[in-house]
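Peer 1: structure for the following, please:
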Amino acid sequence: MKKLFSLLLALAMLISLCAAAGAEGVTTITFWHTYGDQETPILDEVLIPMFEAANPDIKVDAVRQSGDFNQMVVTALGTGVVPDIARVDITKTSAYAKLGGIIAMDELDGFAALKDAVLEGPLSTNVWNGHYYGLPLNTNCKAAVINLEQMKALGFDGAPATMEEFIAACKEKAPGEFKLNVSGVGDWDLYPYFWLFGGVLTDEGFTKASGYLDSEASVNAIKAILQMHDDGVFTIRDVDGTPDAWDGINSQYAMFFEGPWYPFSEGIVPAQIPTYNGITASVVGGENIVIFEGSKNKEAAFRFLQFMLSEEAQLELLKVGVIPTLKSLVENEAVTADPKWSVYMKQLESAKSRIPTPQASTVEQLWSDAMNMIFLEGADVQETLTNTAAEIDIELAK
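Peer 2: Okay, the predicted model is just below:
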């Protein structure tokens, strides 16, 4: 089946190349993506015609993929028959870089301007081995989801400004009632709390966890979360067997952190994550745009990439809920006028990347195992983080 898949993939790409050769003076680039039913018409009917009108020497063959897209990319890299450019998950970018399949974007003229234009958290998902192998095409993050009625009972008119005052209000007015919830102890769930309370995962280049994950600041961050749990303020569904956030927010919980996909109602609204010691934090999701090493049309592909990172293109996709990555759009009227996008775009300014590494799944499991030991088994925080940091170091060195 794998051989058949590879053969069909190669045949499809050869047909595309032949079609490109038929248009004299016009370069055809192939763009693989996984945009959904709402986004694809914007790409096909608005953005690509707009780009081709401004760049008559380039034609874009956009191919919407389904199924296991990651396996499709890996198979394409194995055959050497690849698209020119693609939209890929942020957690896979470093893996494709390690395979030698995508170019180091920071070696191209024009990269520096794009690097300065995009938000730092989404940008950092492209870092591996000292280079940037892509740029953030679209993004998301967690913000606070709050129950206005529950917040009012705690004495707040909307979201609290700080975690300090929220914790104090919960302990005073709702002792032991668990007003703050998270689903589990995985990286997507717990990293925002870890960072909010001052924790640090690795060095800036994502090369080493020892000295960072097991630092005094990180140990204190986990202890602060444990203390909230012991005080009856914070509950972990998978640890305590408490209601899921989406269910509990309508009756029991005052707040939890989540992405923008919830159908917010009149009493359940998004808000900035309250600060702790003056800082706020969140975790980044989304997709990057990469150029393949095997592309024979890298310059044309980069021009299309530049267009997809323009304000014009990003605002078109925002109309169907695709969150932009440009700093300049945080205060854009199309964003600030929307009660949801204004919150999430602002929160993205303080959002951080999970560790971008080809060993992402192993690193995530090491984190989850450590948190389960701490929160379920009562393991020593310092010892557990020290051991986990050493194990993560091994993975980052691969």
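Peer 1: so where do the strands sit in this structure?
Peer 2: Assigned by DSSP state E, the chain shows strands spanning 27-33, 58-64, 85-89, 127-128, 131-132, 135-141, 143-147, 180-182, 234-236, 255-258, 268-271, 282-291, 351-352.
Peer 1: please verify my assumption that Gln359 contacts Lys398.
Peer 2: Yes. Counting by C-beta atoms under 8 Å, Gln359 touches Lys398, with 5.9 Å between them. (Each C-beta comes from the backbone N, C-alpha and C, glycine too.)
Peer 1: of those two, which one has the most company?
Peer 2: Ranked by neighbour count (other C-beta atoms under 10 Å), Gln359 and Lys398 place Gln359 first, with 19 against 9.
Peer 1: grab the nearest non-local neighbour of Asp89.
Peer 2: Nearest residue to Asp89 in three dimensions, chain neighbours excluded: Glu287, at 5.9 Å (C-beta to C-beta, 6 or more residues apart in numbering).
Peer 1: report how many residues lie close to the one you found.
Peer 2: The burial count for Glu287: 26, using other C-beta under 10 Å.
Peer 1: ok, it to Pro136 distance?
Peer 2: Between Glu287 and Pro136 the distance is 8 Å, computed by C-beta to C-beta, to the nearest Å.
Peer 1: same question, Asn70
Peer 2: For Asn70 relative to Pro136 (C-beta to C-beta), the value is 18 Å.
Peer 1: of these two, which one has the most company?
Peer 2: Just comparing Asn70 and Pro136: by other C-beta under 10 Å the higher neighbour count belongs to Pro136, 28 against 14.
Peer 1: what count of nearby residues applies to the closest residue to Asp369 other than its chain neighbours?
Peer 2: In this structure, Asp369 finds its nearest non-sequential neighbour in Thr388, 7.6 Å apart by C-beta to C-beta, 6+ apart. Other residues near Thr388 number 22, with proximity taken as other C-beta under 10 Å.
Peer 1: tell me the contacts of Thr388?
Peer 2: 209, 213-214, 366-367, 369-370 (C-beta atoms under 8 Å, 6 or more residues apart in numbering).
Peer 1: returning to what we had before: quick check: beta-bridge partners of the residue nearest to Asp89?
Peer 2: Asp89, Asn138 (DSSP bridges).
Peer 1: so Lys327 makes contact with Val118?
Peer 2: Yes. Between Lys327 and Val118 a contact is recorded at 6.7 Å, counting by C-beta under 8 Å.
Peer 1: compare these two (neighbour count), which wins?
Peer 2: Val118 (21 against 16).
Peer 1: pretty sure the more buried one sits against Leu137.
Peer 2: No. Val118 lies out of contact with Leu137 (C-beta under 8 Å); the separation is 9.4 Å.
Peer 1: find the residues that touch each one of these two.
Peer 2: 309, 325.
Peer 1: return the set of buried residues in stretch 157-176.
Peer 2: 159-160, 163, 166-167, 169-170, 174 (16 or more other C-beta atoms under 10 Å).
Peer 1: and what of stretch 270-277?
Peer 2: Buried residues in stretch 270-277, defined by neighbour count with 16+ other C-beta under 10 Å: 270-276.
Peer 1: what's the first-to-last distance across that stretch?
Peer 2: Terminal residues of stretch 270-277 lie 22 Å apart, using C-alpha to C-alpha, to the nearest Å.
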